[in-house]
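Peer 1: Predicted model follows, preceded by the sequence.
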Amino acid sequence: MEGDAGNTVHNGTGHRGAPLTGAPAPGTEPTGAAVILRVLRVSLHVGFAVLLLVALVRLLAGGITGQEWITLLLAVLLAAFYLVGTVLEKRHAAHRTRFDPRPYSAWWLGVVSLLWLLLIWTSADFVWLAFPLFFLQLHVLPRRLALPAIALSTLFVIGALWFHNGVGAPSAQAAAEPASAAPQLPMVLGPAFGAAFAVVTGLAYRALFLEAENQRLAAEELRRTRAELARTQHNAGTLAERTRLAREIHDTLAQGLSSIVLMGRAAEKALDDGEPAVARERLRVVRDTAAANLAEARNFVRALQSPDLEDGSLVAGLLRLCEKTEAETAARGTGLRCRLDVEGVPAELPAAHQTVLLRAAQASLANVRAHAQAGTAVVTLSFLGPDVAMDIYDDGTGFDPSALPARPDGSGYGLTSLRDRVAALHGQLDIESAPGEGTVVAIRLPLGQAPGSNAAPAPASGDRK
């Protein structure tokens, strides 16, 4: 049983943590220093047991009479008390939830020392137990108390040897010669050198323990850092995927469902007005829009590109989008004209660039249909060598990009999503609009940039949908 050792780091010898067994923390692999500490600890206990057993054998060899029974009882009590303390400490080291004996370690050492003092008073054979006790005192007591305790124990050893071999030894030689008034030189040098060796070894043990403890703390910190990093990366990945899905759903399914709702209302009105042909045409648009949204949903599940880009041509996809926009507005009776202009020599674009430009056109034209009350919308796709640009213009009512209110229904996400898409490709997004002057959404993307790179969001004047 070890307690406060006065170490700079008390894990194992004091108040803060692992016992001084050299045992690694639960769930960790033992380090080389931890193995050495364990070997030293086992050697300490084995040495104590061997010295106690040798003393008992010598005691029993001389016969048990009178005072020897008291000595035997004290030795058994010492062995039992020492064993109980070490077993409790070992159990706590293996399972931290079990009883922690360390707060009582000083009392335990006091009882062990008291039993040892009684034993050396009865027999000189037990004085050699002082050497493992020196190590216990170094580990259990703070250094300011351990060193005086070792010095005092050394004096007791010298005194016991002197008593049993000099003043208190009734031998023929002692009867023939008067007892020495002072201890012999070997009686002093032996215990003194033993105590000095114990102090030096104990300090080395302590330094080794501190090194092992620092390694254990560093390993635990590394494991915590790795776990925290893994959690952070997982959370970041989850958030990024949620953001991606929100963008995709808004630019495709949400816009499509909005069109279906509006066209459904228009079909109901046509039926109420007695115009079945008009209602039938609007229901056809509803069917086509629902089919397109179903294809988008299936592509989300398969993590594929938009169905409008399945043939690999952005120009073809934008042409279909313009035709779809004209058909939907015509079915509503608003008659928006939408055309596509291509400038420069069309070049093969990366899939990420095609997707961003197509989604930008979808979101912008959806805003035109829903808010602009425009008669004309023009999508201009320009191939500018190292860059590709797209402008979506409408001649509608326009708006003030800096004065858009937040919408409690959760809409108003379209241009925010578009800014994120463009920023992911190191692009630039500009919105030019004013009340009564129409709107231009301008996008410019550099070619050759990897998607997903860290980039600051491109500035935009506002968000309309």
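Peer 2: Received, thanks.
Peer 1: Only C-alpha atoms from now on, for both contacts and neighbour counts.
Peer 2: Will do.
Peer 1: which residues are contacting the helix or strand harbouring residue 324?
Peer 2: According to DSSP states H and E, residue 324 maps onto helix 314-332. Residues outside helix 314-332 that contact it (CA atoms under 8 Å, 6 or more residues apart in numbering) are 259, 262-263, 266, 278, 281-282, 285, 308-309, 335-340, 342, 354, 358, 361-362, 365, 369.
Peer 1: Please convert the buried members of those residues into ChimeraX selection syntax.
Peer 2: In ChimeraX, this line selects whichever of the contacts of helix 314-332 come out buried by 16 or more other CA atoms under 10 Å:
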select :259,262,263,266,278,281,282,285,308,309,335,336,337,338,339,340,354,358,361,362,365,369
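Peer 1: So what's the model's average confidence on whatever helix or strand comes next after the helix holding residue 324?
Peer 2: Using DSSP H and E, the helix or strand that follows helix 314-332 in sequence is strand 337-343. For strand 337-343, mean pLDDT is 92.
Peer 1: so whichever helix or strand comes after strand 337-343 versus strand 337-343, what angle?
Peer 2: Once strand 337-343 ends, the next helix or strand along the chain (criterion: DSSP H and E) is helix 351-367. Using axes from the mean of the first three to the mean of the last three CA atoms, to 10 degrees, the direction of helix 351-367 lies 150 degrees away from that of strand 337-343.
Peer 1: List the strands paired with the helix or strand following helix 351-367, with their directions.
Peer 2: Per DSSP H and E, the first helix or strand lying C-terminal to helix 351-367 is strand 376-384. If you go by DSSP bridges, strand 376-384 pairs up with strand 337-343 (parallel), strand 387-394 (antiparallel).
Peer 1: okay, the ones you listed in CSV with distance to residue 322 next?
Peer 2: Shown next, in CSV, are the strands paired with strand 376-384 (distance: least, CA to CA, whole Å):
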stretch, distance to residue 322
strand 337-343, 5
strand 387-394, 11
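Peer 1: Which one, of the ones you listed, ends up nearest to residue 191?
Peer 2: For those, proximity to residue 191 was assessed by CA to CA; strand 387-394 is nearest, at 88.5 Å.
Peer 1: For the closest one, buried residues please.
Peer 2: The neighbour-count check on strand 387-394 (16+ other CA under 10 Å) flags 388, 389, 390, 391, 392, 393, 394 as buried.
Peer 1: Across the sheet, point out what pairs with the residue lying closest to the fifth one once chain neighbours are set aside.
Peer 2: In space, not counting the residues next to it along the chain, residue 392 is nearest to residue 379; the distance is 4.6 Å by CA to CA, 6 or more residues apart in numbering. The residues paired with residue 379 through beta bridges, assigned by DSSP bridges, are residue 340, residue 392.
Peer 1: any idea how far residue 379 is from residue 46?
Peer 2: Going from residue 379 to residue 46 by CA to CA, to the nearest Å gives 89 Å.
Peer 1: Which one's more surrounded, these two?
Peer 2: Higher neighbour count among residue 379 and residue 46: residue 379, with 23 against 13, using other CA atoms under 10 Å.
Peer 1: Distance check, that one against residue 285.
Peer 2: Where residue 285 is concerned, residue 379 sits at a distance of 22 Å (CA to CA).
Peer 1: What separation do you get for residue 250 and residue 362?
Peer 2: 10 Å.
Peer 1: which residues touch the residue nearest to residue 392?
Peer 2: 338, 339, 340, 341, 361, 390, 391, 392, 393.
Peer 1: one more time with 10 Å
Peer 2: By CA atoms under 10 Å, 6 or more residues apart in numbering, the contact list for residue 379 reads 318-319, 322, 338-342, 361, 364-365, 390-394, 440-441.
Peer 1: who does whichever strand or helix holds residue 43 touch, helix- and strand-wise?
Peer 2: For residue 43, the host element (DSSP H and E) is helix 32-61. Packed against helix 32-61, as judged by 3 or more CA pairs under 10 Å, 6 or more residues apart in numbering; DSSP states H and E, are the following elements: helix 67-94, helix 130-140, helix 185-248.
Peer 1: switch to 7 Å and redo it
Peer 2: Helices and strands touching helix 32-61, as assessed by 3 or more CA pairs under 7 Å, 6 or more residues apart in numbering; DSSP states H and E, comprise helix 130-140, helix 185-248.
Peer 1: what angle separates that helix from helix 130-140?
Peer 2: Using the same axes, to 10 degrees: helix 32-61 against helix 130-140 is 140 degrees.
Peer 1: Now do the same for helix 32-61: mean pLDDT, whole number.
Peer 2: On average, helix 32-61 scores 77.
Peer 1: now that helix against helix 67-94, angle please.
Peer 2: With the same axes, to 10 degrees applied, the angle from helix 32-61 to helix 67-94 works out at 160 degrees.
Peer 1: Helix 32-61: how far from the chain's middle?
Peer 2: The chain centroid and the centroid of helix 32-61 are separated by 42 Å under CA atoms, centre = their mean, to the nearest Å.
Peer 1: Identify the residues contacting residue 94.
Peer 2: Not one residue lies near residue 94 by CA atoms under 7 Å, 6 or more residues apart in numbering.
Peer 1: Same check on residue 120?
Peer 2: Listed by CA under 7 Å, 6+ apart, the contact partners of residue 120 are 126, 127, 160.
Peer 1: Tell me the confidence at it?
Peer 2: 83.
Peer 1: doesn't it fall inside a strand?
Peer 2: No: going by DSSP: H, G, I helix; E, B strand; the rest coil, the assignment for residue 120 is helix, not a strand.
Peer 1: By neighbour count, which bits of stretch 205-225 are buried? Give me those.
Peer 2: 205, 206, 208, 209, 210, 212, 213, 216.
Peer 1: Does anything pack onto the helix or strand where residue 299 lies? Which helices or strands?
Peer 2: Residue 299 belongs to helix 276-302 when assigned by DSSP H and E. Where contact means 3+ CA pairs under 7 Å, 6+ apart, helix 276-302 is packed against helix 255-272, helix 314-332.
Peer 1: Which of the residues in it are classified as buried?
Peer 2: 278-279, 281-283, 285-286, 289-290, 292-293, 296-297.
Peer 1: lowest-confidence helix or strand of this structure?
Peer 2: One helix or strand of the chain scores below all others by mean pLDDT, DSSP states H and E: helix 172-176, with a mean of 42.
Peer 1: Any buried residues in whatever helix or strand residue 114 lives in, and which?
Peer 2: For residue 114, the element it lies in under DSSP H and E is helix 105-122. For helix 105-122, a neighbour-count test (16+ other CA under 10 Å) marks 105-106, 108-109, 112-113, 115-117, 119-122 as buried.
Peer 1: could you measure the residue nearest to residue 392 against residue 152, distance?
Peer 2: 97 Å.
Peer 1: contact partners of stretch 144-164?
Peer 2: 120-121, 124, 127, 134, 137-138, 183, 187-188, 191-192, 195.
Peer 1: For these, which two are the farthest from each other?
Peer 2: 138 and 183 (26.6 Å).
Peer 1: Neighbour count: those two, which is higher?
Peer 2: residue 138 (28 against 18).
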